[in-house]
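Enquirer: Prediction below, plus the sequence it came from.
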Amino acid sequence: MFSFFKRWIPGRDEISKPKTAARQAVEMLRREYTGKPLLEEHVSEDPIEQFSAWFDEAVDKIITDPNAMIVATADQDGKPSSRTVLLKGFDENGFVFYTNYRSRKGRQILENPYVSITFYWPELMRQIHIEGVTEKVPEEQSDAYFSKRPAASQLSALASPQSDVVESREALENRLKEMEKKFGGGPIPRPENWGGFLVKPIRIEFWQGRLNRLHDRICYEKEGQEWKISRLSP
């Protein structure tokens with residue numbers, strides 16, 4: 001009986017063949033970057049103005065989520081974590097996104113305010129990497145943005161204890177139904193633990209993909225109230 005089943009149970013090597021093929025294929029995934037030159041004489045002296053120019057082009061040419069960015073945080077012990085969120089505003093002060101302050105990223109930011117954010121636009125062969133210090137935006141700013149969100153998104157913010165373990169999908173949906181009954185048809189208040197973070201930049205790097213991996217990297221670093229511009233080797 002044992003020998004019969006042994007003949008039909010695939011061995012470890014047989015099971016791993018597709019995985020091995022996929023891993024080998026990863027090594028062959030390659031594209032050539034043919035982006036336009038990014039030269040010092042062509043960039044703005046102000047990195048926010050330079051960001052605005054690139055962001056406008058991304059919004060014009062990228063169909064899905066041009067404002068998506070990876071936010072990387074670290075806890076008090078230096079353990080990193082990253083996730084994708086959406087940029088919801090920027091000006092000379094920095095870059096704004098919204099979240100639950102009690103979420104994993106919210107708690108880490110409140111423990112350690114240093115973060116990095118990264119935009120990657122493969123269609124444009126461009127990346128922007130920003131390092132900075134965070135602070136909460138004023139409550140009235142969070143109120144104003146929350147009031148513009150769709151009602152369903154507002155209710156979800158009330159119903160979801162972001163990053164906490166939940167019993168099941170059903171439990172989460174039942175919590176949403178409770179919020180719908182409680183606030184349906186009327187104004188929906190912003191949860192006190194939900195709001196915006198402002199990332200005040202201290203370093204901004206613009207990466208432009210170029211031929212033969214000889215990419216352009218222009219870096220702005222803040223020194224006092226001024227920005228120092230330098231070129232980095234790819």
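Expert: All right, it came through fine.

Enquirer: okay, CA-based contacts and neighbour counts for the rest of this
Expert: OK.

Enquirer: Next, count neighbours for Glu180.
Expert: 19 (other Cα atoms under 10 Å).

Enquirer: repeat for Asn93
Expert: So Asn93, with other Cα under 10 Å, has 11 neighbours.

Enquirer: Would you map the strands across this structure?
Expert: 68-74, 80-86, 89-91, 94-100, 114-121, 126-136, 194-208, 216-223, 226-231 (DSSP state E).

Enquirer: of those strands, which approaches Glu167 most closely?
Expert: Of all these, strand 94-100 sits nearest to Glu167, with 19.5 Å by Cα to Cα.

Enquirer: in its sheet, what does the closest one sit against?
Expert: Paired neighbours of strand 94-100 in the sheet (DSSP bridges): strand 89-91 (antiparallel), strand 194-208 (antiparallel).

Enquirer: Adding distance to Ser163 and mean neighbour count, write those out as CSV.
Expert: What follows is the strands paired with strand 94-100, written out as CSV (distance: least, Cα to Cα, whole Å; neighbours: other Cα atoms under 10 Å):
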stretch, distance to Ser163, mean neighbour count
strand 89-91, 24, 13
strand 194-208, 13, 22
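
Enquirer: JSON lines please, covering those strands and showing distance to Arg31 and mean pLDDT.
Expert: Below are the strands paired with strand 94-100 laid out as JSON lines (distance: least, Cα to Cα, whole Å; pLDDT from 0 to 100):
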{"stretch": "strand 89-91", "distance to Arg31": "32", "mean pLDDT": "97"}
{"stretch": "strand 194-208", "distance to Arg31": "14", "mean pLDDT": "97"}
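
Enquirer: Now tabulate those strands in JSON lines and tack on distance to Met179.
Expert: Shown next, in JSON lines, are the strands paired with strand 94-100 (distance: least, Cα to Cα, whole Å):
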{"stretch": "strand 89-91", "distance to Met179": "28"}
{"stretch": "strand 194-208", "distance to Met179": "16"}
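
Enquirer: Out of those strands, the one nearest Gln50 is which?
Expert: Comparison of these against Gln50 by Cα to Cα identifies strand 194-208 as nearest, at 8.8 Å.

Enquirer: what distance separates the closest one from the centre of its chain?
Expert: Centroid displacement of strand 194-208 relative to its chain, using Cα atoms, centre = their mean, to the nearest Å, is 11 Å.

Enquirer: Could you do stretch 74-92 as well?
Expert: With Cα atoms, centre = their mean, you get 7 Å for stretch 74-92.

Enquirer: Now do the end-to-end distance for that stretch.
Expert: 25 Å (Cα to Cα, to the nearest Å).

Enquirer: Now do the contacts for the residue nearest to the spatial centre of the chain.
Expert: The chain has Ile70 as the residue nearest its centroid, 2.3 Å off, counting by Cα atoms, centre = their mean. Ile70 sits next to 82-85, 117-119 when contact means Cα atoms under 8 Å, 6 or more residues apart in numbering.

Enquirer: Buried subset of those as a PyMOL selection?
Expert: A single PyMOL command selects the buried members of the contacts of Ile70 (16 or more other Cα atoms under 10 Å):
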select buried, resi 85+117+118+119
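
Enquirer: Would you format the contacts of Ile70 as JSON lines with pLDDT included?
Expert: Shown next, in JSON lines, are the contacts of Ile70 (pLDDT from 0 to 100):
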{"residue": "Ser82", "pLDDT": "97"}
{"residue": "Arg83", "pLDDT": "96"}
{"residue": "Thr84", "pLDDT": "97"}
{"residue": "Val85", "pLDDT": "97"}
{"residue": "Ile117", "pLDDT": "98"}
{"residue": "Thr118", "pLDDT": "98"}
{"residue": "Phe119", "pLDDT": "98"}
